[in-house]
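# Sharing a model prediction with you, sequence too.
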Amino acid sequence: MKWNCVSDCGNWEQEVWRWKFLWRRPLVGRELEWEQALQGAVGVVQLSEGVPDAWTWLPSNDRIYSVHSSYLFLQEPVLPDQDHALMHVWQSYAPSNVKGFAWRVLLDRIVSKENMLKRGIFSSVGSASCALCNNHLETCFHLLFSCPFSIGVWNGCLQWLGCSLSQVTSVHEHLSGFRVGLTHSQQRLCHSIWLAVIWSVWLARNEVVFGEVLPALR
Ligand SMILES: [Zn+2]
């Protein structure tokens, strides 16, 4: 539920916190997969028994939200070594379903052929080749960032933005390196473009997989 506290979303069992989310209706299809991803993401958080829940606004010294502190936060330069990948996703201007997709990309929880191979849905590596180039195992990273088709899309996008991106080997590195300008508001816009690109490549891939093949991709 939207306004539930952490204490409403699970309970302590022999000093171990067990998350139990409540939903307004039974989850179906992909929602079950998203819940698993959510369990994986929150499972790494260490909770302390007996400490009450409270809302905290980190950018302000007194931990209380104000529009002024929010404005200052958005104007602050971003430190280059900060890994705020998930924060970049949630603060972007993208629709919630696209943010959810990007979140699963960062966790490698999308339904790529490699992930289906791991679950036994595909029986061999040969049947799990990339839908866009048919020349590589369809991992999440390959499909969205290192497939020749995807590289072409990213290069066009980078050219349009007038920036460059050094060689990267992970989704987090790609998102961190995809930046224009120094302020939070400039990067928020940039990360929204990043989300739009991965979502568009994913939709193009699905058109190929589910039969509506784009002639340009053949
Ligand atoms: Zn490919």
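It's in. Numbers count the residues shown, from 1 in each chain.
# what residue is smack in the middle of this protein?
residue 103 (2.1 Å; C-alpha atoms, centre = their mean).
# is it true that it lies in a strand?
No. Read with DSSP: H, G, I helix; E, B strand; the rest coil, residue 103 is helix and lies in no strand.
# Verify the stated contact: residue 201 with residue 142.
No. Here residue 201 lies out of contact with residue 142, judged by C-beta atoms under 8 Å, at a distance of 11.2 Å. For glycine as for every other residue, the C-beta is placed from the backbone atoms N, C-alpha and C.
# any idea how far residue 59 lies from residue 67?
12 Å (C-beta to C-beta, to the nearest Å).
# what about the two, which has more around it?
The neighbour count for residue 59 versus residue 67, taken as other C-beta atoms under 10 Å, is higher for residue 59 (14 against 7).
# quick one: the more buried one and the ion, what's the gap?
40 Å (C-beta to the ion, to the nearest Å).
# For that residue, which three-state class applies?
Going by three-state DSSP: residue 59 is coil.
# Might you report the residue contacts of it?
69-70, 72-73 (C-beta atoms under 8 Å, 6 or more residues apart in numbering).
# export those residues to CSV and tack on pLDDT?
Below are the contacts of residue 59 laid out as CSV (pLDDT from 0 to 100):
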residue, pLDDT
69, 82
70, 80
72, 79
73, 75
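# Can you say which of the residues you listed are buried?
residue 69 (16 or more other C-beta atoms under 10 Å).
# Pick out whichever of the contacts of residue 59 sits closest to the ion.
Set against the ion, the nearest of these by C-beta to the ion is residue 73 (38.7 Å).
# Give me the nearest residue to that closest one, chain neighbours excluded.
Nearest residue to residue 73, sequence neighbours excluded (C-beta to C-beta, 6 or more residues apart in numbering): residue 59, at 3.9 Å.
# can you check residue 130 too?
That would be residue 138: by C-beta to C-beta, 6+ apart, it lies 4.3 Å from residue 130.
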